[in-house]
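# coords please:
(one chain, ligands or ions: 1)
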Amino acid sequence: MTGPAMLARAAALRKSKLEAASRSSGETLFLYGSQTGNAMEVAKSLNAEAATHGIASRVLALDEKPLHKIPGTTKAAVFVVSSTGDGDPPENCERFHNALKRRTHAADLLAGVQFTVLGLGDSNYTTYMGVPRVFTSRLPELGAKRFYKNCEADEVDGLEDVIDKWKEGLWDALKAAVSEGANPPSVAPLPNGTANPPPASKESKLVGVPPLQKSRIKLIWQGAETIRTHGKLSSATNGTVTSLENGNPTIEYSAAHPFSAEVTAAEYMTASWSDRRVIHLEVDIARTGASYKPGDSLGVLPENRPELVDGLLERLGADGGRVFSVAAVDDVGTGQGDGSADVAGGARLLGHVGWPCTLREALLRHCDVTAVARKGLLRVLAEYCADSAERTELLMLSSRGGRDAYKVQIQEVRPSLLEILKRFPSCKPDLAHLLDSLPPLVARMYSVTCNANDAPGRVQVAFSVVKEQTGDGRVFHGVCTSWLERRLGLDPKTQRQFVANPSARVSVPVFLKSGGDFRLPEGLTAPLLMIGPGTGVAPFRGFLQQRRERLQAGGEAGPAWLFFGCRKEDEDFLYEKDLRKFETDGTLTKLVTAFSRAGDAKVYVQHKLSEHAEKLASLIQHGKAHVFICGDGVNMARDVHAALVKVLVDGAQMAEGDATALLNNMVKEKRYVRDIWS
Ligand SMILES: Cc1cc2nc3c(=O)[nH]c(=O)nc-3n(C[C@H](O)[C@H](O)[C@H](O)COP(=O)(O)O)c2cc1C
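Residues are numbered from 1 along each chain as shown. Here you go, the predicted structure:
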């Protein structure tokens, strides 16, 4: 037999073995990649619902189960994935997503695995369904077989209805998929509604209570010794554990592996009398050896408020200083809980917590305890109420029938986990179940606002201190930005600025992330149209520093326009001095400002675009301009897009359809790039 024939035969043999292995065994998985918790909630509730259909399954974040551990152990997989940034993978599926994209796998890597993909996205983003579409195209290329239609749920249409409709056919298809071959794994079907004993009379009137998302994990309490053997630093006094690297150019830093960067400068950029606070922050990254370009972002890993965490520990009656490891509840042989063994069929559960660690560390740095409580979490909390009225109330809030109450009492009022537990005093949740139900505390991304050569060894970012009025008149403080403000010792009332102190250095855990297509075009000739209201101006300061550097090296340059918007010239004109200087030294051809609160009528950047319709239309149509939009709010991006269509209609007498087609084409050519957040 020739070499290639032998290889082909070996591959065929491997494929049939794999197929046979996963036909006769292998589990059903709901795998999610989720940044803000939607996909996680959907996957967890699908997993809980599967039990009501008699299907035994497991739910995992994608990075809890490496790609190479899918074949052989997995029979059917339902992937529920979203995108973040500009078509970027959520933090908890970065590794899986990157592995999936790699072109070096055997074409039959996933032979025998059956799948379907539920993508969550928002069609306002340029790279709509960026990540889910990687899954829908790569899984079959690697030999996996689709057992049910894929679905794309768009935030614009509302996720729930689309997902409910898609779910209708899912269960029969999944049952058929898992029962193909011998010994389908199953559980006795549970009655629809609660997965628990017959409800009390008031409960029985509730409509659409979701099935309970069972705990996947148990906690294994350990001595502090474990921490030392895993090379982490521990502080016996406050029970916190940190695994932050302090500078090693060979390491690639990421959310899972941040760098502890010293703060070198920080100051308010907004007036002392303004209720809006924007902070310019600079950190030292010289020791990382990392490089970046304008358009990239700095990820910051925040901490919850210590008082909140201590209050939670007290309410839970738990000792925050105790160290724990994690094992799967159904773990039989593996999962020694010592941090070295994989658990649950090759998965490392609760990977985002980075166990072993203390309970306080987990709640302080790894679990989000202030996010809007998901219905799945409320359903879990209901399970631990001794008082039946409290249980019924929590079940109602988690139910389909309680949709309006959930909106008002949970989404609008935004109670933290501690506030919910205080409202339901009889609730004594199991710690493992609670930790497994809390969403991860994810990194917050801030656009780099400088050019590397203008701030050697440093990175600068700008961020608004987030505060929102809640439905009951309190103020919700953004986790990361208020943590940074506190950590920097800045005081908005006195406008106290940060002063670097060598004997009391302040550091924050960070990592850099590529901006993808959000880049200053090569060369100088293409006209630039930059639209960045508020902190959306941040990347453009970097673009303009980079452009100035290129201009100094000589060469013909096309025009560059910047549209900036804020409330008032003397209140929140971010980087005013720098922007004006760019205009006077010729880096910027024109700086157009929109002050929304300067006069009687609100003026925004989109209004200013219309004022320059003819010139802008010519730059876009004939000059092949590159258009960049950056800023807070999907609405802003939508309004600016509509204004650009109008610019082409009014300024170049194009038909509306042609104007839209031109802009869509520019998106494809990467000449129209947006970086928006909400
Ligand atoms: C900062 C940010 C960036 C986003 N980027 C994209 C994107 O590039 N493409 C897309 O289709 N949806 C994008 N979305 C929409 C999300 O994918 C969508 O809201 C989804 O429901 C979030 O699911 P998750 O909570 O599981 O992460 C973005 C949302 C945010 C907040």
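
# and the stretch 1-150 of the chain, which of its residues are near the ligand?
34-40, 82-87, 90, 120-122, 125, 127-130 (Cβ under 6 Å from any ligand atom). Any C-beta I mention is one placed from the backbone N, CA and C, and that applies to glycine too.

# I'd like to know which of those are buried.
34-40, 82-87, 90, 120-122, 125, 127-130 (16 or more other Cβ atoms under 10 Å).

# Out of the residues you listed, name the ones that lie in strands.
Judged by DSSP state E, the subset of these located in strands is 120-121.

# Would you agree residue 360 falls within a helix?
Yes: counting by DSSP: H, G, I helix; E, B strand; the rest coil, residue 360 is found in a helix.

# burial measure for the nearest residue to it once chain neighbours are set aside, as a count.
Spatial nearest neighbour of residue 360, excluding adjacent residues (Cβ to Cβ, 6 or more residues apart in numbering): residue 320 at 3.1 Å. Neighbour count for residue 320, taken as other Cβ atoms under 10 Å: 20.

# swap in residue 252?
Residues near residue 252, counting by other Cβ under 10 Å, number 9.

# repeat for residue 172
11.

# can you tell me how far it sits from residue 521?
Applying Cβ to Cβ, to the nearest Å, the value for residue 172 to residue 521 is 51 Å.

# how is the protein carved up into domains?
Taking automatic domain parsing as the domain assignment, the ranges for the chain are 15-190, 217-229+305-437, 253-302+443-513, 528-677.

# Tell me where the stretch 551-678 of the chain has helices.
Using DSSP state H, counting those that start in this stretch, the helices of the stretch 551-678 of the chain run over residues 569-572, 576-584, 605-611, 613-621, 634-652, 656-668.

# relative to helix 634-652, how tilted is the fourth one?
Our comparison of helix 613-621 with helix 634-652, counting by axes from the mean of the first three to the mean of the last three Cα atoms, to 10 degrees, yields an angle of 100 degrees.

# Tell me which residue in the stretch 1-150 of the chain sits closest to the ligand.
residue 121 (2.6 Å; Cβ to the nearest ligand atom).

# So that residue is in contact with residue 152, correct?
Yes: using Cβ atoms under 8 Å, residue 121 is in contact with residue 152, at 6.5 Å.

# And the strand of greatest length in the chain, what's buried?
Looking across the chain with DSSP E, the single longest strand is strand 259-268. By 16+ other Cβ under 10 Å, the buried positions in strand 259-268 come out as 259-266, 268.

# likewise stretch 404-422?
406, 409-410, 413-418, 420-421.

# still on that earlier bit, quick one: average pLDDT of the longest strand of the chain?
Regarding strand 259-268, the rounded mean pLDDT is 95.

# Ends of stretch 86-106, what's the gap?
One end of stretch 86-106 to the other measures 29 Å (Cα to Cα, to the nearest Å).

# what comes up buried for that stretch?
Of all the residues in stretch 86-106, those buried under the rule 16+ other Cβ under 10 Å are 86-97, 99-100, 105.

# So, low pLDDT: which residues of the stretch 51-200 of the chain?
Low-confidence segments of the stretch 51-200 of the chain, defined by pLDDT under 70, are located at 181-200.

# And the strands in it, which stretches?
Under the criterion DSSP state E, counting those that start in this stretch, the stretch 51-200 of the chain contains strands at 58-61, 74-81, 114-121, 145-146, 151-154.

# The stretch 401-550 of the chain too?
Using DSSP E, counting those that start in this stretch, strands in the stretch 401-550 of the chain cover 444-447, 458-464, 467-469, 475-477, 507-513, 528-531.

# just checking, which of the residues of the stretch 1-150 of the chain next to the ligand belong to helices?
Taking DSSP state H, the ones among these that sit in helices are 38-40, 130.

# Look at the spatially closest residue to residue 351 that is not a sequence neighbour and say how many residues are nearby.
Nearest residue to residue 351 in three dimensions, chain neighbours excluded: residue 64, at 4.9 Å (Cβ to Cβ, 6+ apart). Neighbour count of residue 64, defined by other Cβ under 10 Å: 25.

# Enumerate every residue touching residue 64.
Neighbour list for residue 64: 92, 347-351 [criterion: Cβ atoms under 8 Å, 6 or more residues apart in numbering].

# Tell me which of the strands of the stretch 51-200 of the chain lies nearest to residue 485.
With respect to residue 485, and counting by Cβ to Cβ, the nearest of these is strand 58-61 at 30.2 Å.

# The buried residues of strand 259-268: which ones sit near the ligand?
Among the buried residues of strand 259-268, none lies close to the ligand by the criterion of Cβ under 6 Å from any ligand atom.

# Is it possible to get TSV of those that adds distance to residue 446?
Formatted as TSV, the buried residues of strand 259-268 follow (distance: Cβ to Cβ, whole Å):
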residue	distance to residue 446
259	15
260	17
261	13
262	17
263	13
264	16
265	15
266	13
268	16
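
# Determine which two of the residues you listed are furthest apart.
259 and 268 (25.4 Å).

# Now for the residue in the stretch 351-500 of the chain positioned nearest to the ligand, how many residues are close by?
Nearest to the ligand in the stretch 351-500 of the chain, going by Cβ to the nearest ligand atom, is residue 445, at a distance of 7.6 Å. By the measure other Cβ under 10 Å, the count of residues near residue 445 is 23.

# Which strand residues bridge it?
residue 299 (DSSP bridges).

# May I ask you to confirm that it is in contact with residue 513?
Yes: at 6.4 Å, residue 445 counts as touching residue 513 under the criterion of Cβ under 8 Å.

# what's the overlap in contacts for these two?
Common contacts of residue 445 and residue 513 (Cβ under 8 Å, 6+ apart): 85, 297-299.

# Would you mind listing the residues in contact with residue 551?
Taking Cβ under 8 Å, 6+ apart, we find residue 551 in contact with 524, 557, 586-587.

# what sits up against stretch 272-281?
Stretch 272-281 has contacts (Cβ under 8 Å, 6+ apart) with 263, 265-270, 446, 449, 460-465, 481, 484-485, 488, 490, 492-493, 495, 534-535, 567, 571-572, 574-575.
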